[in-house]
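Asker: Quick one: sequence and predicted model below, then my questions.
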Amino acid sequence: MRFLIVLAASGAFLTAFGLAGAEAGDARAGRQKLTTCQGCHGLDGLSKNPESPNLAGQLESYLVRSLAAYKSGERKNESMNIVAKELSDEDIADVAAYYASIQVDVLPP
């Protein structure tokens, strides 16, 4: 019985955050769609601009949620709101998959 309650709660959580049934994007396709993104975030996901965050190695689900929030206007950034409005759900999934697939070496402390 506890297992069913936990399972139901997990499903509600995933649905509430738009993660249930979400298909993973295609990283290869995402790399081909980065024409606009790479100007600020770099093809390698490592920004050369201090105003733009690094996207390399970020969680795919985080990137999908962030891009969807920019697209809907829930999250505000003048440039990102304009760019994200032009992306389809598939584009968002693919770009997120590409940036998430980049391995980032962490320097020792």
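Answerer: All right, it came through fine. Note that the structure is predicted; figures quoted are calculated from it, not measured.
Asker: where does the protein have low pLDDT?
Answerer: Applying pLDDT under 70 to the chain flags the ranges 1-22, 107-109.
Asker: Swap in 50 and give it another go.
Answerer: The model of the chain has pLDDT under 50 over residues 1-21.
Asker: Would you map the helices across it?
Answerer: Listed in chain order, the helices found in the chain under DSSP state H are 2-16, 27-32, 38-41, 60-72, 78-85, 89-101.
Asker: Could you list the buried residues of stretch 41-48?
Answerer: Using 16 or more other CB atoms under 10 Å as the test for burial, stretch 41-48 gives 41, 42, 45, 47. All C-beta atoms are positioned from the backbone trio N, CA, C, and that covers glycine.
Asker: Adding distance to residue 58, write these out as TSV.
Answerer: Listed next are the buried residues of stretch 41-48 as TSV, based on distance: CB to CB, whole Å:
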residue	distance to residue 58
41	10
42	13
45	8
47	12
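Asker: I'd like to know how far the nearest residue to residue 42 once chain neighbours are set aside sits from residue 27.
Answerer: Spatial nearest neighbour of residue 42, chain neighbours left out: residue 48 (6.1 Å); criterion: CB to CB, 6 or more residues apart in numbering. Residue 48 sits 22 Å away from residue 27, taking CB to CB, to the nearest Å as the criterion.
Asker: swap in residue 60?
Answerer: Counting by CB to CB, the gap from residue 60 to residue 27 is 9 Å.
Asker: Which neighbours do these two have in common?
Answerer: By CB atoms under 8 Å, 6 or more residues apart in numbering, residue 60 and residue 27 have these common neighbours: 97, 100.
Asker: Pull up the distance across stretch 80-89, start to finish.
Answerer: Distance between the two ends of stretch 80-89: 15 Å, counting by CA to CA, to the nearest Å.
Asker: Done for today, thanks.
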